[in-house]
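[1] Kindly generate the corresponding structure for this input.
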Amino acid sequence: MKEEKFQEAVLENGIRFIHRYRNGEIAHIALMMGTGSRDEEKEDEGMAHCIEHMMFKGTTQRRPYHILTCLDSVGGDLNAFTTKEETCIHASFLSQHYKRACDLISDLTFNATFPDAELAKEKEVILDEVNSYKDTPSEEIYDVFEDLLFKGHALGHNILGNADTVSSFTHDDIMRFRKKHYSAREMVVASTGNLSFDKAYRIVNQYFAAYNDSGVTQSRKAFVPQKSKSETLHRDSHLAHCIIGGLAPDYKSTDKIKMVMLNNILGGPGMNSRLSLNIREKYGFAYTIESQYNAYSDTGLFCVYMGVAPDSLDKAIVLVHKELDKLKNVKLGTLQFSRAKQQLSGQLALGREYAMHDLLTSVRSVVMNEPVIYMDEVLRKIDKITSSDIMQMANQVYDEANLNMLVFK
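    I've put the predicted structure just below:
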């Protein structure tokens, strides 16, 4: 069955809109802004995440109670998140409530009041969130590793911020940051559901086109690669935690799909990944061992994480390097490579079955000023990858000069 394509339009104020017809009773909508933690100055660290929280704490039209019950009362779901480069509000609901969802999300985005009393309470909530990460070494180590890899650059600092910055935020600070960064030209509204593009556009235009702002297009400081580093920190933890990783292709790179496949082979979600089979299953050294690849607008990172018994740490590190070296030096056989392609294709197709996941993937492409990539095109790209491509990518990103290591002992 042919995949339905997104239709696109631009509102008069510069907000971009994409919509795809999808048969079924459920509709989804997301507003994504190209503003995240990397857009913060040192004194503003954690601001984008704080604003995301505070948008739910009252608007010129709604009290917090009315915000939280607007979609819940009709069985819908409302949520939001902040990343290094984006802030997003999204909702899922019965298609008949599409107008209600647009009304709510536009109100949160444009009319939030950020009352002082709510800000004081929410800062405490965020500080609890910061401290909860510090209590969980397996989560904290990712943030500390990014700070190590991107030392001195805004990409490195924690999305949540820190106790000093979050405690200092005022209403005026929030309004200053919003005015500077939340430009209509950096916003994309995306939706999917069983209503026509023309109908969806009329509703979105009604609720989002009136927003006018003085914000400017983001101008981000580029990250300049640094010499690789290793660091050991002490934590009160039963396990030793370790991350090995480095820079990888950025979001717009033509090598991105190759890196996705390489990561999938090494330590992706499949239980048959090389790290899982050759370290966890064969030796029993690590309860958790996995690899990740994150692509940002102008750079990317890959990392291998493992939580191991302290007396097994050194052996596990040696084995990880052994797996990296095998991918650099031994080309995958025909059968192995065919299975790797089939596995990645299947995983990506299954992910696209979840409509909200598919929508968020698509809207991020538009925020990044890239075209939406459809599943048939993804499959064609995977089919064109060769075993030599994978070896070449492994030699690029797993090069010793690119590898950093962080250990929590």
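[2] got the domain boundaries for this protein?
    7-208, 230-408 (automatic domain parsing).
[3] what about the first one, how long is it end to end?
    The first and final residues of domain 7-208 sit 17 Å from each other (CA to CA, to the nearest Å).
[4] Tell me what Ile29 is bridged to.
    Ile29 forms beta bridges with Ala91, Ser191, as assigned by DSSP bridges.
[5] Retrieve the pLDDT associated with it.
    pLDDT, Ile29: 98.
[6] And it, how close does it get to Asn272?
    As for Ile29, its distance to Asn272 is 37 Å (criterion: CB to CB, to the nearest Å). Just so you know, the C-beta spots here come from the backbone N, C-alpha and C atoms, and that holds for glycine as well.
[7] Which one of those two is surrounded by more residues?
    For Ile29 versus Asn272, neighbours defined as other CB atoms under 10 Å are more numerous around Ile29 (26 against 12).
[8] Quick check: the gap between that one and Asn23.
    Per CB to CB, Ile29 is found 17 Å from Asn23.
[9] Spit out the contact partners of the closest residue to Asn278 other than its chain neighbours.
    Leaving aside its chain neighbours, Asn278 sits nearest to Glu323 (6.1 Å; criterion: CB to CB, 6 or more residues apart in numbering). Going by CB atoms under 8 Å, 6 or more residues apart in numbering, Glu323 touches Leu266, Arg274, Leu275, Asn278, Ile279.
[10] surely Met368 meets Ser297?
    Yes: assessed by CB atoms under 8 Å, Met368 is found in contact with Ser297 at 5.9 Å.
[11] more crowded one of those two?
    Ser297 (22 against 18).
[12] Name the SS class of the more buried one, please.
    Per DSSP: H, G, I helix; E, B strand; the rest coil, the local secondary structure of Ser297 is coil.
[13] Count the residues that sit near the closest residue to Asp39 other than its chain neighbours.
    Of all residues not flanking Asp39 in the chain, His181 sits nearest, at 5.6 Å (CB to CB, 6+ apart). His181: 23 surrounding residues under other CB under 10 Å.
[14] just to revisit the earlier point, what residues are shared contacts of Met368 and Ser297?
    Shared contacts of Met368 and Ser297, defined by CB under 8 Å, 6+ apart, are found at Tyr251, Lys252.
[15] per-residue pLDDT, the residue nearest to Asp39?
    For His181, the pLDDT comes out at 91.
[16] Gln347: neighbouring residues, count only.
    Using other CB under 10 Å, Gln347 is surrounded by 15 other residues.
[17] hang on, it packs against Asn272?
    No: under the criterion of CB under 8 Å, Gln347 is not in contact with Asn272, lying 11.7 Å apart.
[18] my read: the residue nearest to Asp39 touches Ser37, true?
    No: using CB under 8 Å, His181 makes no contact with Ser37, being 11.3 Å away.
[19] joint contacts of these two?
    Between them, His181 and Ser37 share the contacting residues Ala48, judged by CB under 8 Å, 6+ apart.
[20] Among the contacts of Glu323, which ones are in helices?
    Among those, the members found in helices (DSSP state H) are Leu266, Arg274, Leu275.
[21] Need these in JSON lines (columns: distance to Ser230, pLDDT and neighbour count).
    Converted to JSON lines, those look like this (distance: CB to CB, whole Å; pLDDT from 0 to 100; neighbours: other CB atoms under 10 Å):
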{"residue": "Leu266", "distance to Ser230": "20", "pLDDT": "97", "neighbour count": "23"}
{"residue": "Arg274", "distance to Ser230": "23", "pLDDT": "94", "neighbour count": "19"}
{"residue": "Leu275", "distance to Ser230": "20", "pLDDT": "95", "neighbour count": "24"}
